[in-house]
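# need a 3D model of the following:
(chains A and B)
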There are 2 protein chains.
Amino acid sequence: MTQHFDIIVIGGGPAGVAAAIRGVQLGAAVGLVEKKHWGGFCLNRACVPTKLFTATLERTKTIRTAAKMGFPNAAATLDPSALFKLKDELVGYFSMGTQGLIKAKKVTPIQGLGRLAGAGRVAVDEKIYQAKAIIIAAGADWARPSFPGSELEGVINSSQFLKEGRIPPRTLILGGGAWAVELGQFLNACGGQVMLAVRERGILPHFDQEIGQRLRSILKSSSITIHNSCSIVSLVKDRGGLKAILSVKEKEEAHLFDRVIYLDRTPALDGLGLETVGLSDLSTNDRLATKVPGIWAVGDAVGRIPFQSHRASAMGIIAAENALGASISFNDNIVPRVAFTSPQAASVGLTENEAEEAGYDVVTGAASMGTSPMAMIQDATNGVVKVVGEKKYKELLGVHVLAPFATEIIGAAALAIQMEATLEDLARSVLPHPTISESLADAARNALDWAIYIP
Amino acid sequence: MTQHFDIIVIGGGPAGVAAAIRGVQLGAAVGLVEKKHWGGFCLNRACVPTKLFTATLERTKTIRTAAKMGFPNAAATLDPSALFKLKDELVGYFSMGTQGLIKAKKVTPIQGLGRLAGAGRVAVDEKIYQAKAIIIAAGADWARPSFPGSELEGVINSSQFLKEGRIPPRTLILGGGAWAVELGQFLNACGGQVMLAVRERGILPHFDQEIGQRLRSILKSSSITIHNSCSIVSLVKDRGGLKAILSVKEKEEAHLFDRVIYLDRTPALDGLGLETVGLSDLSTNDRLATKVPGIWAVGDAVGRIPFQSHRASAMGIIAAENALGASISFNDNIVPRVAFTSPQAASVGLTENEAEEAGYDVVTGAASMGTSPMAMIQDATNGVVKVVGEKKYKELLGVHVLAPFATEIIGAAALAIQMEATLEDLARSVLPHPTISESLADAARNALDWAIYIP
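As a prediction, this is how the structure comes out:
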């Protein structure tokens, strides 16, 4: 007998779990299909394990700089194997927690590989389920690069790196996005030599240009090498390692590495059975509906870059509501982008360039961390808080932060943009002293030409 | 010849500096009178130095727990003298910075003891200045307690503690407010024995009761002793220390201490010359005007407890604007209260009790840090994020946080309340994962009965 659901969600990551729970809350019978890893990429191989590593990076920094902060004999050596073990425990704990959550919320878990099997039908392995609505939250797959030698054994993705559980002595990381820099700083703090090969001219492409530039100059003072406008000409086995020929600003260089780590991911559409319903991709309207009625798509499967799990879960909630009769638009403009680098970077709304391209008469304001008491107390004064606004109506368009705790304080900016605050509203917010967040108000005042604490 | 200003500000702390700068920005000639410490209590003896200590508390915790977070051999001993030296350097740096800021902003600094000398007149030492408006930002003085023995030498305030630059082996702290707990945790982390004698039944009286209760139970598991409903019967010199007889819940106990630290402060009205203009106190209306036209009062001098320097500077800005013709109300409801305890506490808007007393039909929602991935990564899962709202219109009334980074993430809640967000707005905010701040959204959803991540 075929089992019927109101909603079947394909994919048990952040987008799918949120969609399924929201569906049940609204009275629907919901089946959630996951092939193996409950909690998805985020829990098992990205956010949770890697943010343990970036927190470790902060701990390393705290201990290494403790000598000048009142602890003359501070010393500690990171034991990577202990850390990888802790990572496994943490992932195991949250994986159990996710499975418990799904049950507690009365979602029906269906383990197996889910695929569309015609209108209103989902096949999981050999079994067919029927549903009034289908939400596709199938996530993304690794996109192995295609340079000569990219098929060699030492070319791995970050999931394989996590599985190997070792710090390679010499690593080439492909890309300059958030996780590339986070991983590079982590490996570097563990004593590894790190080079980033970045196609683009800067790093952190999804952030305001100034944030990337500042972080780049901070990285330069570490022993991490960043090559921009860089591609890999070839890779061959050599002397127990991998010899890479890099094209750097049109000149060629050769370097030896133990591992080459790639980080690109692409929507996991293969084997999803899109063709059985007449879909060739998962592009959606702003209510997250695909071109086929009754089929919705959310999370990394939709391919909105940068992939961010909080965006995925927000999409999941809205897709479930719309699948059950609501008509809510998903507003990507209120979704923060974060990088757990050191210092952290976080952004919400339009960058200065994006605002200009959108035709706004742009005004910006910035507060440097060099004059922030909390930045000095945190021994991290090389950051900035920058706001982007519109001149005439003083609309707040974007906020960009490079500073300690940036991933936490961007929430204030996200709320401000969601609530359609003006620069004046942000300028008149009362934020605690001494914190990093208080610089949000002075940056907004700076844009309005009345900064109080900027000389 | 008498010098004329548009505005004279008495007191060069956070309130006075902000008022003076804002006045100049609006075109006024402003004189700023400070008797000695530019930057005031906050910079010289409170926020800046003490938050270095609370950051040190976090560093100590990081190092002490590093062994279970991947650093098996972590070790460090705090050298208090190095820390006190660092404190002096930091204060010196920011004191210079404040003086530089005042000059860069074209405020006229006047060094000396300022006092009112009749309508529109301020005397500084022997000199008389005239001003169209006077903003009193004179701050607060220590309020020495009055139990038998309170005049003994070892009974000191926190400024004297900072000046002594030593960790007393056994300290009795009077009170259970934010700084009492921060100081207690710091001394305890430095190896000192600490007891808190608190008149009230709980700690953190200016926070939601649940926050104080949770922090109290965290403190119980440290070696800090907290006595609530406690008063000091007497204090005498004994065996090289101070013997205190405490009345604890109506029973008497005797304990030996090296220092008794008191923290109460009271508006600094003595010698201000209020009587020369017919004022007996500095109570103000919501535009920060005293009962005498042309005289405004801001900051700790007004006596709004708890003293918070960000509130003081926000008041300073508004008073300057109103002194120059605006009519802006100061809204205390958008001012966060923060405690740099471990974990940190932060609050904005109404507590649950305050909301009930104000007659609201109250609904609350909470997200425990026990299920927060970032809290687990930070090794601090004993906190909570709590929202207080109103049932019918879903108005967001207050947000209360006990968690790592609470002092930074309360900004999101402060913006939400300033922008008159509803519980629904906060529930639909998209906050980064994995962070502590994301719990704000789930706590709001919990209040609306649709929490996603709370089983």
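# C-alpha only now, for contacts and for neighbours.
Noted.
# so where is the stretch 251-400 of chain A shaky, pLDDT-wise?
For the stretch 251-400 of chain A, no stretch is flagged by pLDDT under 70.
# who in it is up against chain B?
A:308-311, A:314, A:334-338, A:373, A:377-378 (C-alpha under 8 Å from any C-alpha of the partner chain).
# which of those residues ranks first by neighbour count?
For these, counting by other C-alpha atoms under 10 Å in any protein chain shown, the largest number of neighbours falls to residue A:338: 29 neighbours.
# any idea what it is bridged to?
Following DSSP bridges, residue A:338 is listed with bridge partners residue A:346.
# ok, it touching residue A:347?
Yes: using C-alpha atoms under 8 Å, residue A:338 makes contact with residue A:347 at a distance of 6.5 Å.
# tabulate the residues of the stretch 251-400 of chain A next to chain B (TSV), appending distance to residue A:438 and secondary structure.
Supplementary listing: these in TSV, determined by distance: C-alpha to C-alpha, whole Å; DSSP: H, G, I helix; E, B strand; the rest coil:
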residue	distance to residue A:438	secondary structure
A:308	26	coil
A:309	27	helix
A:310	25	helix
A:311	26	helix
A:314	27	helix
A:334	20	helix
A:335	21	coil
A:336	18	coil
A:337	20	strand
A:338	19	strand
A:373	10	helix
A:377	14	helix
A:378	15	coil
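# now the helices for the stretch 101-250 of chain A?
In the stretch 101-250 of chain A, the helices defined using DSSP state H, counting those that start in this stretch lie at A:158-164, A:178-189, A:209-220.
# tell me which of the ones you listed is the most buried.
Each of the helices of the stretch 101-250 of chain A was assessed for mean neighbour count using mean count of other C-alpha atoms under 10 Å in any protein chain shown. The highest is helix A:178-189, with a mean of 23.
# which other helices and strands does it contact?
For helix A:178-189, the packing partners by 3 or more C-alpha pairs under 8 Å, 6 or more residues apart in numbering or on different chains; DSSP states H and E come out as helix A:47-64, strand A:170-174, strand A:193-197, strand A:337-339.
# most packed of the ones you listed?
Counting by mean count of other C-alpha under 10 Å, strand A:337-339 has the highest mean neighbour count of those, with a mean of 26.
# residues in contact with that strand?
Taking C-alpha atoms under 8 Å, 6 or more residues apart in numbering or on different chains as the criterion, the residues outside strand A:337-339 that touch it are A:178-179, A:182, A:206-207, A:306, A:308, A:344-348, A:406-407, B:432.
# can I have the buried ones of those as a ChimeraX selection?
Selecting in ChimeraX just the buried members of the contacts of strand A:337-339, where the criterion is 16 or more other C-alpha atoms under 10 Å in any protein chain shown, is done with this command:
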select /A:178,179,182,206,207,308,344,345,346,347,348,406,407 /B:432
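# farthest-apart pair in the contacts of strand A:337-339, please.
Spatially, the most separated pair among these is A:182 and A:348, at 19.3 Å (C-alpha to C-alpha).
# quick check: end-to-end length of stretch A:270-289?
20 Å (C-alpha to C-alpha, to the nearest Å).
# buried ones in it, by neighbour count?
Within stretch A:270-289, the residues that qualify as buried by neighbour count (16+ other C-alpha under 10 Å) are A:272-274, A:277, A:281-284, A:287-289.
# and the residues you listed, which is closest to residue A:363?
Checking the buried residues of stretch A:270-289 against residue A:363 by C-alpha to C-alpha gives residue A:287 as the nearest, at 31.7 Å.
# is it true that the closest one touches residue A:329?
Yes: with contact defined as C-alpha under 8 Å, residue A:287 reaches residue A:329; the gap is 4.7 Å.
# please enumerate the shared neighbours of those two.
Overlap between the neighbourhoods of residue A:287 and residue A:329 consists of residue A:318, taking contacts as C-alpha under 8 Å, 6+ apart.
# find the closest residue to chain B in chain A.
Each residue of chain A has a distance to chain B, by C-alpha to the nearest C-alpha, and the smallest belongs to residue A:412, at 3.4 Å.
# give the contact list for that residue.
By C-alpha under 8 Å, 6+ apart, the contact list for residue A:412 reads B:409-416.
# the helix or strand harbouring it: how far from the chain's middle?
Assignment of secondary structure by DSSP states H and E places residue A:412 within helix A:406-418. Centroid displacement of helix A:406-418 relative to its chain, using C-alpha atoms, centre = their mean, to the nearest Å, is 16 Å.
# helix or strand next in line after it, which one?
Next in line after helix A:406-418, if elements are assigned by DSSP H and E, sits helix A:423-427.
# what about the next helix or strand after that next one, distance to the chain center?
Next helix or strand after helix A:423-427 toward the C-terminus (DSSP H and E): helix A:438-447. Put simply, helix A:438-447 sits 26 Å off its chain's centre (C-alpha atoms, centre = their mean).
# need the pLDDT of residue A:1.
Residue A:1 is assigned a predicted lDDT (pLDDT) of 68.
# do residue A:5 as well
For residue A:5, the model assigns a pLDDT of 98.
# now residue A:220
Predicted confidence (pLDDT) for residue A:220: 89.
# excluding its backbone neighbours, what's nearest it?
Ranked by C-alpha to C-alpha, 6 or more residues apart in numbering or on different chains and with sequence neighbours excluded, the top spatial neighbour of residue A:220 is residue A:226, at 7.6 Å.
# contacting residues around that neighbour?
Going by C-alpha under 8 Å, 6+ apart, residue A:226 touches A:195-198, A:220.
# again with residue A:274
Residues in contact with residue A:274, defined by C-alpha under 8 Å, 6+ apart, are A:116, A:280-281.
# likewise residue A:82?
Shown here is residue A:82, whose contacts under the criterion C-alpha under 8 Å, 6+ apart are B:69-71.
# domain-wise, how is chain A divided?
Taking automatic domain parsing as the reference, chain A has its domains at A:3-141+A:266-333, A:155-263, A:343-447.
# so of the ones you listed, which one's packed in deepest?
By mean neighbour count, with neighbours taken as mean count of other C-alpha under 10 Å, domain A:343-447 ranks first of these at a mean of 24.
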